[in-house]
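J.: attaching a predicted model along with its sequence, questions to come.
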Amino acid sequence: MRNRIDETFNRLGREQRKAFIPFTVLGYPYPERSLEAIETMIQQGATALELGLAFSDPMADGPLIENADKKVVENGFSTKKALQLVATVRQKHANIPISIMTYFNLIYKRGAQAFMRDLKEAGVDGITIVDLPPEEGAETFRTAHDFGIAPIMLISPLTSKERLPKLLQYADGYLYLVSRAGITGLLDNFDRSLDELVRLLKTQSDLPIMIGFGISKPEQANRMLDLGADGVIVGSKIIDLQSPSSNPKLLSNFVNEMSNSICRFIPEKQTSR
Amino acid sequence: MKLATKFGHYGGTYVPETLMPALEELEDRFLSFSKDSTCMEELSRCLKHFAGRPTPIYFANNLSQQYGAEIYLKREDLLHGGAHKTNNALGQALLAKFMGKQRLIAETGAGQHGVACAMAGAMLGMPVEVYMGQLDCRRQIQNVERMRLLGATVHSVDIGGRTLKDAINAALRDWVSNLDYTHYVLGTAAGPHPFPTIVKFFQSIIGKEAKEQFQQMTGERPDAIVACVGGGSNAIGIFSAFIEMPDVTLIGVEPAGEGLGSNKHGAVILGGSDGCLHGMISKLLQTRDGQVQDTHSIAAGLDYPSVGPEHAHLSTTGRAIYTAVTDDEAIEAYRDLSRLEGIIPALESSHAIAQAKKLASGEFQSKRILVNVSGRGDKDMERVIEYITQREGF
Ligand SMILES: Cc1ncc(COP(=O)(O)O)c(C=O)c1O
């Protein structure tokens, strides 16, 4: 089965370049604007997309993403409509990796088989389930694999060496290392042990490492790359720039600035890979 | 994890990775705490001298005559703080201290759990921050003032339905961001493992006492035990001692709000389906897509779209029966108990009283019914008067 995430990271590896993955909530602030924003992000150089399926109670998210989720749910924007939006993006862009980020109840209610089939049909490549640890997720992750959807596992600064193999046994696509023990949001209180963690992850897995949570500036992104990350994920800042009162130009400029800064050529010797 | 994390297929640890190590630590420390005789003695001492345990069972003679069954009341309303919540708050505050945590956070619906945590925090010298939905802050203003007087900080949560569910979301976000020095004192027998098990452990004192007291008073067992169910802590507390006695019928009462046919209720076991919220698989009021629905109950403490996983399990196995009582019926029971017995029950507990009335006029006529009066109702005075004034116009 074709795997756009692997293809893309293999290419980046050969070109010695890093990845910039913007996150947005599907349907935010409303459907047409959401599609426009996704188009903008692709045009301005996003390596891949991380798209949120809104949940009414996103317990790992700070106020920006929480409010975006709330608004989308209140607008009655269903999972079906969200996946139609993804399919529209996929029709125009055959190669960009798309992963979904969501909470377990949406999957549990639909049933993992049906849910993963829906994702596959919409053209999705990976899934992050925020509140599904390996202890509870074996069956769901296996089902995802069966449908060719990569389980993208979240790894926390608090994840111990002993726990790591439990997570890695299901991981595919890339690893999503959260920059702090906390929630999403603009605060940049990054964990001080990140560099150790990146080093440890590299000894345990060949998957690319993306760092996310609290990154909203090129300097911060570059700090993460210096630690050895293969790229960064930016969410809250994107949502902030997508607020209905914000000028669409700002989003375009921001994504452009970030991708220019991140996706540049970085010579091998500077990274610890 | 060392303990079973599920009750049948309900429960579990459906949390972000960052919380998993914290839940493992909590379970580990809880097991040590519960086996440490010094800790258990300290807990007993606090429950007795600070909180006023044991609470009595009272035979409600007037109510019994009016309703047509022998009605006994387990008087958790007499516990310090005014509700059963103190059992758990004290227990978890001592556990937090044992774990070396310096700060307590909590969610609260009716404000009783927040008050209980504020009291425990004051007594143990630990700062307490309480999350409470903005709607609940308004309708339980007296408890907000009590928490503040007791030195706690109250955060009004202004998102979603602005009730208990939203307060739990806010508390979880705080916890995940401040794990190293903070203990989250979850107030009901819900949430991810080990919370349902920990809360049950601290609340099971209600059942232990009740079983013995009832035996001494009557020489018999109760025919039925009735308790209201929000997240399910007072109910699992009193049920726990009787689960192994199949001849004792266990009845949990959910809030039917404006009626089960309306979409303004919180009857989760009766009206919900299997779902995942706040770290657990349980019954959940949700849309077809799996979005959580807003609930309604006149009793803030019952206004929650899910329920503790053990109740979902007890309902599936048939060991306990779940019913629902409307706002109107709860108000009527609130007034009945006040007038007939001189006891003003919490609106939450009034749901259990109202259910006892129904049982007394049906299957349990002339039988022995033990009702858990989970709390006292001073906090609800204004709300009840407002409600009655609207309905009856006096
Ligand atoms: C007096 C009283 N009873 C019952 C409840 C419901 O909680 P639980 O179902 O955990 O007992 C509350 C919650 O605030 C309460 O204050």
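T.: Ah, there it is.

J.: can you pull the contacts of the closest residue to A:S193 other than its chain neighbours?
T.: Take A:S193 and drop its neighbours on the chain: the residue closest to it by CB to CB, 6 or more residues apart in numbering or on different chains is A:P157, 5.6 Å away. C-betas here are computed from N, CA, C, even on glycine. A:P157 sits next to A:178-181, A:191, A:193-194, A:197, B:18 when contact means CB atoms under 8 Å, 6 or more residues apart in numbering or on different chains.

J.: quick check, nearest of those to the ligand?
T.: The nearest member of these to the ligand, counting by CB to the nearest ligand atom, is B:T18 at 26.0 Å.

J.: neighbours of that closest one, how many?
T.: 25 (other CB atoms under 10 Å in any protein chain shown).

J.: any idea how far the closest residue to it other than its chain neighbours lies from the ligand?
T.: Once flanking residues are discounted, B:T18 sits nearest to A:S156: 4.0 Å by CB to CB, 6+ apart. Here A:S156 is placed at a distance of 30 Å from the ligand (CB to the nearest ligand atom, to the nearest Å).

J.: so what's the residue count around A:S156?
T.: Applying other CB under 10 Å, I find that A:S156 has 25 neighbouring residues.

J.: swap in B:T316?
T.: 16.

J.: low-confidence ranges, the chain, go.
T.: You didn't pick a chain, so chain A it is. Scanning chain A for pLDDT under 70 picks out A:1-2, A:265-273.

J.: please go with chain B instead
T.: Low-confidence segments of chain B, defined by pLDDT under 70: B:394.

J.: top strand in it by residue count?
T.: As assigned by DSSP state E, the longest strand anywhere in chain B is strand B:249-257.

J.: mind listing what that one pairs with, with the direction of each?
T.: Partners of strand B:249-257 in the sheet, by DSSP bridges, are strand B:224-228 (parallel), strand B:320-326 (parallel).

J.: send the alpha carbons of the next helix or strand along the chain from the last one over as CSV?
T.: The element immediately downstream of strand B:320-326 (helix or strand, assigned by DSSP states H and E) is helix B:327-341. The C-alpha trace of helix B:327-341 is given here as CSV (Å, rounded to 0.1, in the frame of the first residue of the first chain):
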residue,chain,number,x,y,z
ASP,B,327,-36.9,18.0,38.9
ASP,B,328,-40.6,18.3,40.0
GLU,B,329,-40.5,15.1,41.9
ALA,B,330,-37.2,16.0,43.6
ILE,B,331,-38.6,19.3,44.7
GLU,B,332,-41.6,17.6,46.2
ALA,B,333,-39.4,15.2,48.1
TYR,B,334,-37.2,18.1,49.3
ARG,B,335,-40.3,19.7,50.8
ASP,B,336,-41.7,16.4,52.2
LEU,B,337,-38.6,15.5,54.1
SER,B,338,-38.2,19.1,55.4
ARG,B,339,-41.8,19.3,56.7
LEU,B,340,-42.3,15.8,57.9
GLU,B,341,-39.0,15.1,59.5
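
J.: quick check: the residue in chain A that chain B sits nearest to vs B:Y131, distance?
T.: Using CB to the nearest CB, the closest approach of chain A to chain B is made by A:K109 at 3.3 Å. Per CB to CB, to the nearest Å, A:K109 is found 26 Å from B:Y131.

J.: tell me which residues of stretch B:102-120 come out buried.
T.: Neighbour counts over stretch B:102-120 (16 or more other CB atoms under 10 Å in any protein chain shown) mark B:103-120 as buried.

J.: can you list the residues of the stretch 51-200 of chain B near chain A?
T.: Residues of the stretch 51-200 of chain B lying close to chain A by CB under 8 Å from any CB of the partner chain are B:159-160, B:165, B:169, B:172-173, B:176-177, B:179.

J.: grab the most central residue of the chain for me.
T.: All of this is about chain A. In chain A, the centroid-proximal residue (CA atoms, centre = their mean) is A:E50; its distance is 3.7 Å.

J.: can you look at chain B instead?
T.: With distances taken as CA atoms, centre = their mean, B:S233 lies nearest the centre of chain B, 4.0 Å away.

J.: what's near enough to touch it?
T.: When contacts are counted by CB under 8 Å, 6+ apart, B:S233 touches B:84-85, B:88, B:187-189, B:199-200, B:203, B:308.

J.: residue 96: how many residues sit nearby?
T.: In the absence of a named chain, chain A is used. By other CB under 10 Å, the residues close to A:I96 number 19.

J.: um, chain B though
T.: B:A96: 24 surrounding residues under other CB under 10 Å.

J.: what's the strand or helix carrying it packed up against?
T.: Taking DSSP H and E as the criterion, B:A96 maps to helix B:85-99. For helix B:85-99, the packing partners by 3 or more CB pairs under 8 Å, 6 or more residues apart in numbering or on different chains; DSSP states H and E come out as helix B:19-35, helix B:37-45, strand B:103-108, helix B:112-124, strand B:182-184, helix B:195-218, helix B:233-239.

J.: packing partners of the first one?
T.: Using 3+ CB pairs under 8 Å, 6+ apart as the contact criterion, the neighbours of helix B:19-35 among helices and strands are helix B:85-99, helix B:164-177, helix B:195-218.

J.: hmm, the shortest one in reach of the ligand?
T.: The one in question is helix B:164-177. No. Judged by CB under 6 Å from any ligand atom, helix B:164-177 stays clear of the ligand, getting no closer than 7.7 Å.

J.: give me the angle between that helix and strand B:103-108.
T.: Here the directions of helix B:164-177 and strand B:103-108 differ by 160 degrees (axes from the mean of the first three to the mean of the last three CA atoms, to 10 degrees).

J.: wouldn't A:Y108 be in contact with B:L277 here?
T.: No. Using CB atoms under 8 Å, A:Y108 is not in contact with B:L277; the gap is 10.1 Å.

J.: looking at those two, which one has more neighbours?
T.: Shown here are A:Y108 and B:L277; by other CB under 10 Å, B:L277 has more neighbours (30 against 21).

J.: now the closest residue in space to that one that isn't next to it in sequence: how far from the ligand?
T.: Leaving aside its sequence neighbours, B:L277 sits nearest to B:S306 (CB to CB, 6+ apart; 4.9 Å). B:S306 sits 11 Å away from the ligand, going by CB to the nearest ligand atom.

J.: same deal with A:N247?
T.: Counting by CB to the nearest ligand atom, the gap from A:N247 to the ligand is 46 Å.

J.: how about B:H278?
T.: Distance of B:H278 to the ligand, computed by CB to the nearest ligand atom: 13 Å.

J.: do A:P63 as well
T.: For A:P63, the distance to the ligand (CB to the nearest ligand atom) stands at 26 Å.

J.: can you check A:M59 too?
T.: A:M59 is 20 Å from the ligand, by CB to the nearest ligand atom.

J.: shouldn't that residue be within a strand?
T.: No. Going by DSSP: H, G, I helix; E, B strand; the rest coil, the assignment for A:M59 is coil, not a strand.

J.: isn't it up against B:T18?
T.: No. The criterion here is CB under 8 Å, and A:M59 misses it with B:T18 at 10.9 Å.

J.: could you name every residue contacting both of the two?
T.: B:V176.

J.: mind listing the strands for the stretch 101-250 of chain A?
T.: For the stretch 101-250 of chain A, the strands defined by DSSP state E, counting those that start in this stretch cover A:126-129, A:150-151, A:154-155, A:175-178, A:209-212, A:231-234.

J.: what packs against the first one?
T.: Helices and strands in packing contact with strand A:126-129 are listed as strand A:98-102, helix A:134-146, strand A:150-151; criterion 3+ CB pairs under 8 Å, 6+ apart.
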